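A.B. asks: predicted model and sequence below, questions to follow.
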Amino acid sequence: MSSDITYSDSGVDIDKAEEAVQRLIPHAQSTFRKEVLSEVGGFGSVVALPEGYKEPVLVSGNDGAGTKTVVAKNLGKYDTIGIDVVAMCVDDIVTSGAEPLFFLDQLTVGKVDPQIIEQLVIGFAKGCIDAGCALTGGEIAEHPDTMDEDDFDVAGFAVGVAERDDLPDKSSVVKGDVLIGLASPGLRCNGYSLARRVLMDGRPLDQPAWSGADVSLGEELLRPSVIYAPAVLSAFRQYEVHAAAHITGGGLAGNLKRVIGDQVDIGLDVQRWRRPKIFEQIAIEGPVSEVEMRNVFNLGIGMVLAVPSDQIDEIINLADTNGHEAWAIGQVTEGRGQVRWMDQ
């Protein structure tokens, strides 16, 4: 007579999942703001609105780390990829002038390994601390038969709060505005399918990223995303920011088009900022054309602010105070809602 089949026999281990939850609780709690009213492990996160807002509105954003997870898996290093997910989410919502309030993660795995889960959550917690938001919960989903046991994917969403009257509008971007670009030292989370195709096609990850590099290829590809939210939020609160664009998939031109109206154009001067070496390496080894590089990658600019021309120095100094190198990289002219490169 055959024995009963259990959930564990089917590939889902409830006990391991519970162990993973217990491991992550202190990391999540380390991020809590005073507005958090619930505990980790409940059915829903309960968070109060911060004081001081006259007419608060909620701003939400959802994202993941793309195929950067492949690099983490190949290196067996899981404690930074969560930073990337938080960065993708909070840096989206801060473009609306929103203060990141709380974040929830989604971990999907082929098989629960409590140690790896804890490492992933360490990254989420670090990202939340850097962003000033609370990690209030999430989901661990074990997907046997649909994923290999060592496969995983990460995603999350952030919720922030903004003053309704202060929300930026496309019509705010006017002729004469200047674009301030905040530096991105690496790829962040975008273009990894192309970058991996070029750089990881049989090449060991422990080799130098390029000739003379002080980091390995694996270290460079897993470089955590910069989190811009605190600096951008300060800029919105202290200065006249007409728009902010988070430079993700679609590159500079694709994302800047999302924040301007039909009455203006943007001109970008590629000579005005320093392009990190990793982008040159991808272009050379591919080879990948300059047109494709501009369409896919951030090319060293992770966030752009459109501001009046008399605030250039103040915004650049603010960025520097927050640890971000910044440059005036373009200008707004009369036009029809297009973004163009000045060298073309």
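C.D. replies: Cool, got the structure.

A.B. asks: what's the closest non-adjacent residue to the residue nearest the centre of the chain?
C.D. replies: By Cα atoms, centre = their mean, the mean C-alpha position of the chain lies nearest to Met88, the distance being 2.1 Å. Setting aside the residues directly before and after it, Met88 is nearest to Asp63 in space (Cβ to Cβ, 6 or more residues apart in numbering), at 3.7 Å. For every residue, glycine as well, the C-beta is placed using N, CA and C.

A.B. asks: quick check: buried residues in the helix or strand the one you found falls within?
C.D. replies: Element membership for Asp63 (DSSP states H and E) is strand 56-64. When neighbours are counted by 16 or more other Cβ atoms under 10 Å, the buried residues of strand 56-64 are found to be Pro56, Val57, Val59, Gly61, Asp63, Gly64.

A.B. asks: check these against Ala235 and report the nearest one.
C.D. replies: Distances from the buried residues of strand 56-64 to Ala235 were compared by Cβ to Cβ; the smallest belongs to Val59, at 16.2 Å.

A.B. asks: test my guess that that closest one contacts Val161.
C.D. replies: Yes. Applying Cβ atoms under 8 Å as the test, Val59 and Val161 come out as touching, 7.2 Å apart.

A.B. asks: quickly list what's touching both of those two.
C.D. replies: Ala98 (Cβ atoms under 8 Å, 6 or more residues apart in numbering).

A.B. asks: quick one, what contacts the residue nearest to Met88?
C.D. replies: Val85, Met88, Cys89, Asp92, Ala155, Gly156, Phe157, Cys189, Thr248.

A.B. asks: how near is it to Leu75?
C.D. replies: Asp63 sits at a distance of 22 Å from Leu75 (criterion: Cβ to Cβ, to the nearest Å).

A.B. asks: what is the burial count for Glu163?
C.D. replies: 17 (other Cβ atoms under 10 Å).

A.B. asks: contacts for the helix or strand of the chain with the lowest mean pLDDT next, please.
C.D. replies: Scoring the helices and strands of the chain by mean pLDDT, DSSP states H and E places helix 14-29 at the bottom, with a mean of 93. Contact partners of helix 14-29, identified using Cβ under 8 Å, 6+ apart, comprise 7-8, 40-41, 112-115, 117-118, 121-122, 124-125, 135-137, 140, 142.

A.B. asks: at 7 Å what do you get?
C.D. replies: Here helix 14-29 makes contact (Cβ atoms under 7 Å, 6 or more residues apart in numbering) with 7, 40-41, 112, 114, 117-118, 121-122, 125, 135, 140, 142.

A.B. asks: can you select the buried ones from the residues you listed in ChimeraX?
C.D. replies: Burial among the contacts of helix 14-29 is assessed by 16+ other Cβ under 10 Å; the matching ChimeraX selection reads:
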select :40,112,114,117,118,121,122,125,135,140,142
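
A.B. asks: which residues of the chain fall in helices?
C.D. replies: Taking DSSP state H as the criterion, the chain contains helices spanning 14-29, 68-75, 81-93, 114-131, 192-199, 217-221, 229-238, 251-256, 277-285, 290-296, 312-321.

A.B. asks: go through these and find the least confident stretch.
C.D. replies: Taking the mean pLDDT of each of those, the lowest value is held by helix 14-29, a mean of 93.

A.B. asks: buried set for that one?
C.D. replies: Taking 16+ other Cβ under 10 Å as the neighbour-count basis, helix 14-29 is seen to contain the buried residues Lys16, Ala17, Glu19, Ala20, Val21, Arg23, Leu24, His27, Ala28.

A.B. asks: and the least confident helix or strand of the chain, how far from the chain's centre?
C.D. replies: On the basis of Cα atoms, centre = their mean, to the nearest Å, helix 14-29 is displaced by 24 Å from the centre of the chain it belongs to.

A.B. asks: now it against helix 114-131, angle please.
C.D. replies: Between the axes of helix 14-29 and helix 114-131, defined by axes from the mean of the first three to the mean of the last three Cα atoms, to 10 degrees, the angle is 20 degrees.

A.B. asks: then helix 14-29 to PDB, C-alphas only?
C.D. replies: Below are the C-alpha coordinates for helix 14-29, written out as PDB (Å, rounded to 0.1, in the frame of the first residue of the first chain):
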ATOM      1  CA  ILE A  14       6.500  24.800   4.400                       C
ATOM      2  CA  ASP A  15       8.900  24.300   7.200                       C
ATOM      3  CA  LYS A  16      11.800  25.700   5.200                       C
ATOM      4  CA  ALA A  17       9.700  28.700   4.200                       C
ATOM      5  CA  GLU A  18       8.900  29.400   7.900                       C
ATOM      6  CA  GLU A  19      12.500  29.200   8.800                       C
ATOM      7  CA  ALA A  20      13.300  31.700   6.000                       C
ATOM      8  CA  VAL A  21      10.600  34.100   7.400                       C
ATOM      9  CA  GLN A  22      12.000  33.900  10.900                       C
ATOM     10  CA  ARG A  23      15.500  34.700   9.500                       C
ATOM     11  CA  LEU A  24      14.200  37.800   7.600                       C
ATOM     12  CA  ILE A  25      12.200  39.400  10.400                       C
ATOM     13  CA  PRO A  26      15.000  41.200  12.200                       C
ATOM     14  CA  HIS A  27      16.300  42.600   8.900                       C
ATOM     15  CA  ALA A  28      12.900  44.000   8.000                       C
ATOM     16  CA  GLN A  29      12.400  45.400  11.400                       C
END
